[in-house]
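Student: From the sequence below, what's the structure:
(chains A, B, C and D)
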Protein chains: 4
Amino acid sequence: MKYSFRNDYSELCHPEILSALMNASKEQNIGYGLDKHTENAKQLIKEKLHSDNCDIHFVTGGTQANATVISHILRPYEAVLAPSTGHINVHETGAIEATGHKVYTSVGHEGKLYPADILQALKIHQDEHMVKIGLVYISQSTEIGTVYSTEELRALYACCKENNLYLYIDGARLSSGLAASDVQFNMLKDLCDVMYIGGTKIGMLSGEGIVIFNDHLKPYFRYHIKNKTAMLAKGYVLGIQFERAFQDDLYFKMGQHENELAYFLSSQLKQLGVPLLSESPTNQIFPIFSKEIVEKLSTLYDFEIWEEVENKIAIRFVTSWATTKDACIELIEDVKNLLKDN
Amino acid sequence: MKYSFRNDYSELCHPEILSALMNASKEQNIGYGLDKHTENAKQLIKEKLHSDNCDIHFVTGGTQANATVISHILRPYEAVLAPSTGHINVHETGAIEATGHKVYTSVGHEGKLYPADILQALKIHQDEHMVKIGLVYISQSTEIGTVYSTEELRALYACCKENNLYLYIDGARLSSGLAASDVQFNMLKDLCDVMYIGGTKIGMLSGEGIVIFNDHLKPYFRYHIKNKTAMLAKGYVLGIQFERAFQDDLYFKMGQHENELAYFLSSQLKQLGVPLLSESPTNQIFPIFSKEIVEKLSTLYDFEIWEEVENKIAIRFVTSWATTKDACIELIEDVKNLLKDN
Amino acid sequence: MKYSFRNDYSELCHPEILSALMNASKEQNIGYGLDKHTENAKQLIKEKLHSDNCDIHFVTGGTQANATVISHILRPYEAVLAPSTGHINVHETGAIEATGHKVYTSVGHEGKLYPADILQALKIHQDEHMVKIGLVYISQSTEIGTVYSTEELRALYACCKENNLYLYIDGARLSSGLAASDVQFNMLKDLCDVMYIGGTKIGMLSGEGIVIFNDHLKPYFRYHIKNKTAMLAKGYVLGIQFERAFQDDLYFKMGQHENELAYFLSSQLKQLGVPLLSESPTNQIFPIFSKEIVEKLSTLYDFEIWEEVENKIAIRFVTSWATTKDACIELIEDVKNLLKDN
Amino acid sequence: MKYSFRNDYSELCHPEILSALMNASKEQNIGYGLDKHTENAKQLIKEKLHSDNCDIHFVTGGTQANATVISHILRPYEAVLAPSTGHINVHETGAIEATGHKVYTSVGHEGKLYPADILQALKIHQDEHMVKIGLVYISQSTEIGTVYSTEELRALYACCKENNLYLYIDGARLSSGLAASDVQFNMLKDLCDVMYIGGTKIGMLSGEGIVIFNDHLKPYFRYHIKNKTAMLAKGYVLGIQFERAFQDDLYFKMGQHENELAYFLSSQLKQLGVPLLSESPTNQIFPIFSKEIVEKLSTLYDFEIWEEVENKIAIRFVTSWATTKDACIELIEDVKNLLKDN
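Tutor: Okay, here's the model as predicted:
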């Protein structure tokens, strides 16, 4: 196998982040995220957010962040509204429902929700015989690589506030999402109530930074993290990584790098006449090949089969912080040769 | 502050384990614990257990391991029996109850449960108006540093099997527990249904290895791990650490080191006439000092206040894989001087 | 208001059932469903089922029966497959999810699921990153008044068994459903693993009889009923009602009565040229009127607004065990006059 | 068997309440507790409480009321403090834990909690590694027949309010409890945040009236009732019963009747030299007999074995609204004869 384009968590950790861990290996730090590195990481993130008025907590994984945040916000009879493609609906093995809450879905459009989707869901849910919609869940970038524009997020959040709904942004791929949209990191404080800054999929060993902007959601969140089994004894392992990621704009540069290579791949593929399932500006692209090409390609590269499209197959290539231009060039060469042979 | 004896998770990671991570930093590995390092780690553990017939899964933390295992084993109306000092009863912020199960407690003796405790609990719970006891939870070593002997574990497990109860061993400090008892690692397959091998408290960044011996408990455990938000995308980060820990007996040596230094401390303190709250053979010891001494000591060292004992105070010193003999000698010298001055 | 056709639970209780309660009012009975009436009710039901090999338990309401059965059957990471119109999906305020389980839905056809729907759901759910489908939920009759034929149920159950899924029938309106289909009560033991016999919607004060056919699902169900808060101290109140309902075929006659009057209404409405939303053979019918007619009708009768249909409105008339032919005749007369006036 | 003194839910229903149900048997009522009888019942209760400012909801059983109220009040990481003898701790098969919450217990004194118990519990629970105590649960009368005085309740509630805890009174036997204490029904609005008025154990078919005094706990409670499967379609069945119970002081007279007969029994038994386990002023008394007497008595009467007391046995006699003086006289005669024979 030459290279894996299967996902953005195949490589351990960005070298700078690994160095930061090594540098701290002789220290003694207090536990549970009360250490100086975690404190500093929070400070650095707040600076980038242009906000002093938010609470930040680090946990280990995305499903964990989602279940912890959502079950903190909702009352027992409340549901979260998500796009039907949403990670919490499809790929978390019922982790949200395991905390007692329905995931109510709307088809949305290209993996995204719009105010009309929210209003329609609210129209249907009007009395105590149905769940009360309490929270809207979206992701930036989405599961299918699309991004919300600032305007779209603004409209969505306004709609949420008018209807007493909280808005939560799953930022598993926030770095790539920011690099591909006109949304600036420092705008996010005005565009949602709570979000998480993804680390696992952008060069950390693991780690997601939950940021709570809305004052109502802040109290007792540490209790809830522990209750949801998400509190690490060695919290500083996460703190050290986020501390480094938010120095020198490393966090943001990694997403830019991913997107640049994904753009290189998609534009080259288009030149070769390969159709794409969608116009994704982020680090996931979805080219469509014949079954024969996919089979041959799979002997050279690792990637995910996405779905069948009229007798052909859409596959997914994901670029990561560690993907090299050389690997992308080689992939394109191989595709070119395979297409020629067919 | 000269040194922290507060706990055994103040230092990042054993240097050999950090090296193993660095060595893998250029690799691409597949996610979710299906990689070659995780596979190798499991193989090494099985060899040390003298057992091919067990399933092993790595998760991130102890509370997470406990909640995942317990909620996998129990039916909704079933409870887990634990010693009242048990971690799941006292220090997990209701994480077990959050999965729907009562933690029923017995006082036990010195942090340990005995067959008589089990039989008493069963005697009380005999019809459908009370929870059904389904599982017995113990820890090796216990929360207060004591250990079960082989004979004690054998009797406990026999009692469980006779009464259709599962036995689960919380091994957050298994390395220290094994080094202090006559229980050999390879005996454990015959002494319980499921256990976890603690990593966080013995030199890993984080990580606990759940070992399922009982065939009935094996199916669909990976589904349950994901449902309980405990599945890491970068599962190989845990695999690499356990792989290294189970080479060269590193896992076992770290516990021996801890115990040796704890024994040095406790025997020196006894020589100085300092009483100990209990006879702990493991890496936690509980000396009793006057309030004045505790106050002065706390300006030099970090440690935990345990409880008041007749106008005096029992404190806890914990040694870790990283604690040095020099630090212990210095501590004893400082205690000696403080006692002299008083 | 002349009469309410809003639902089939507007009238207290069938007079014969009320008499049975009065007859027992001087007795002392033991609690929790262990009394002689409950025992006799179970025996009568078993005789009608031609089955000695089933366990029967009485609870108070339909949502309670559904949540108790489903959470007893499923493991934490498992979901129930239901038609998207299913009561558990739409009208239980997240009660199933509150027990920790996802309700995964398929659109189905006319409120019913078919083997193809099951196979499609299974095809999508193949690994531990998604819920495991563990159970199929259907209702007889359905939420929209349709019924499964024997052949349809047989095919569905065969599909479930081939795929290791349990099949559960919600019988909130079982009496009406049976009277409208070729499914005999005594066939049900071979057509599902568990079902409930609805009482609340067919002439009891309240009460649903859960029948467990599958041996695997029988153990400890009483513990689970108590755990799910569904065990009544005065269980005999339910036992007495079911005892009477299953004498003289009263349970079955009530459903026949409902269906006959509903058929009278629907056939008369058709003669008047009123279109129906669906061909429902049971006690719910869905005529479509202009907004003006609906408004006028609503000053005379109580009924539910179902949905808009191309500028008109489908409403729901429900007949109950207590509905009289006279009331139906009067309704038809009033409709006739309203249509004439327009 | 001459008579059962096993409990206070052996007889169906007070004749006046049964009459009220019969009187309504020709009516059509709207569902889900929105009917005129339920409305009237609430009004009558409010008048007796001298309070317009409370919300009242009727559910079917005591465990259901407890689980619904407690899970409505608590956040996921919060626990309820209860006396160790409390019904929610001992006799609900984990129903509270099934909603995700720990029941933390204090031994208390004679089944009751005191401010010192609360303060001690709070002292132990001070950080996010332990559950947060959010609610105090007590019962009037208690599981062992004792009652709180007005002064005791006042002190307890003051302590709760000072410490930001809610106070919830389980009134399964409130009628008997009120009749035995100096607490007046109309004082309760100032003595707790929420309570339930027990019906099942005092002459209703079933039914408990949850009364919410604290404004913070009122919103969306109907959603929560449905989510916890406790909403009855025929809510008016409960409304009619409470409506009648709160006319002519019937609710209160039934408890007085119970207590009078229990007092007759306990005073007669004392005269016969029979020791009592405790001084219970309510409808449960606990005489202590030799094993031989208990055995012989059990051939004549039904009662519960409570516990062994130094080679003898404490049993429980419960009087109900339906118990007659004659039955009590006969019991005393039989005891007298049995004692004579021995």
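Student: List the contacts of the biggest helix by length in chain A.
Tutor: With secondary structure taken from DSSP state H, chain A has its longest helix at helix A:250-271. Residues outside helix A:250-271 that contact it (CB atoms under 8 Å, 6 or more residues apart in numbering or on different chains): A:8, A:14, A:16-17, A:173-180, A:185, A:197, A:202-203, A:244-245, A:276, A:280-285, A:287, A:317-321, A:323, A:325, A:328, A:331-332, A:335. For glycine as for every other residue, the C-beta is placed from the backbone atoms N, C-alpha and C.
Student: which of those residues are buried?
Tutor: A:8, A:14, A:17, A:173-180, A:185, A:197, A:202-203, A:244-245, A:280-285, A:287, A:317-321, A:323, A:328, A:331-332, A:335 (16 or more other CB atoms under 10 Å in any protein chain shown).
Student: hmm, the helix or strand containing residue A:89 in reach of chain B?
Tutor: Following DSSP states H and E, one finds residue A:89 within helix A:87-90. No. Judged by CB under 8 Å from any CB of the partner chain, helix A:87-90 stays clear of chain B, getting no closer than 11.1 Å.
Student: in that helix, what's buried?
Tutor: For helix A:87-90, using 16+ other CB under 10 Å, the buried residues are A:87-90.
Student: got those as CSV, with pLDDT and distance to chain D columns?
Tutor: What follows is those, written out as CSV (pLDDT from 0 to 100; distance: CB to the nearest CB, whole Å):
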residue, pLDDT, distance to chain D
A:87, 97, 21
A:88, 98, 17
A:89, 98, 20
A:90, 96, 24
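Student: Chain C contacts on the stretch 101-250 of chain A?
Tutor: Residues of the stretch 101-250 of chain A lying near chain C by CB under 8 Å from any CB: A:101-103, A:128-132.
Student: what's near enough to touch residue A:8?
Tutor: Residue A:8 makes contact with A:173, A:176, A:201-202, A:258, A:283, A:318-321 under the criterion CB under 8 Å, 6+ apart.
Student: Grab the nearest non-local neighbour of it.
Tutor: The shortest distance from residue A:8 to any non-neighbouring residue, by CB to CB, 6 or more residues apart in numbering or on different chains, is to residue A:320 (3.9 Å).
Student: Kindly report the same for residue A:107.
Tutor: Leaving aside its chain neighbours, residue A:107 sits nearest to residue A:84 (5.3 Å; criterion: CB to CB, 6+ apart).
Student: Residue A:106 is in contact with the one you found, correct?
Tutor: Yes. Proximity of residue A:84 to residue A:106 meets the contact threshold set by CB atoms under 8 Å, at 6.8 Å.
Student: Counting neighbours, go ahead and name the busier of the two.
Tutor: residue A:106 (18 against 14; other CB atoms under 10 Å in any protein chain shown).
Student: Mind pulling up the pLDDT for the closest residue to that one other than its chain neighbours?
Tutor: Leaving aside its chain neighbours, residue A:106 sits nearest to residue A:117 (4.1 Å; criterion: CB to CB, 6+ apart). In this model, residue A:117 is scored at 98, pLDDT.
Student: which secondary structure element contains residue A:117?
Tutor: Residue A:117 belongs to helix A:115-124 when elements are defined using DSSP H and E.
Student: Could you tell me which residues of the stretch 201-342 of chain A lie near chain B?
Tutor: With CB under 8 Å from any CB as the criterion, the stretch 201-342 of chain A meets chain B at residues A:201, A:205-206, A:223, A:226-234, A:236-237, A:302.
Student: Give me the buried entries from those.
Tutor: Applying 16+ other CB under 10 Å to those, the neighbour count classes A:201, A:205-206, A:223, A:226-234, A:236-237, A:302 as buried.
Student: Give me the three-state assignment for residue A:197.
Tutor: Secondary structure, DSSP: H, G, I helix; E, B strand; the rest coil: residue A:197 is strand.
Student: That one and residue A:174 touch, don't they?
Tutor: Yes. Residue A:197 lies in contact with residue A:174 (CB under 8 Å); the separation is 5.5 Å.
Student: Would you map the helices across the stretch 151-300 of chain A?
Tutor: A:174-180, A:221-227, A:236-245, A:250-271, A:291-300 (DSSP state H, counting those that start in this stretch).
Student: In chain A, which residue is most central in space?
Tutor: By CA atoms, centre = their mean, chain A has its centre lying nearest to residue A:172, at 1.9 Å.
Student: Residue A:222 versus that one, what's the distance?
Tutor: Residue A:172 is 22 Å from residue A:222, where distance means CB to CB, to the nearest Å.
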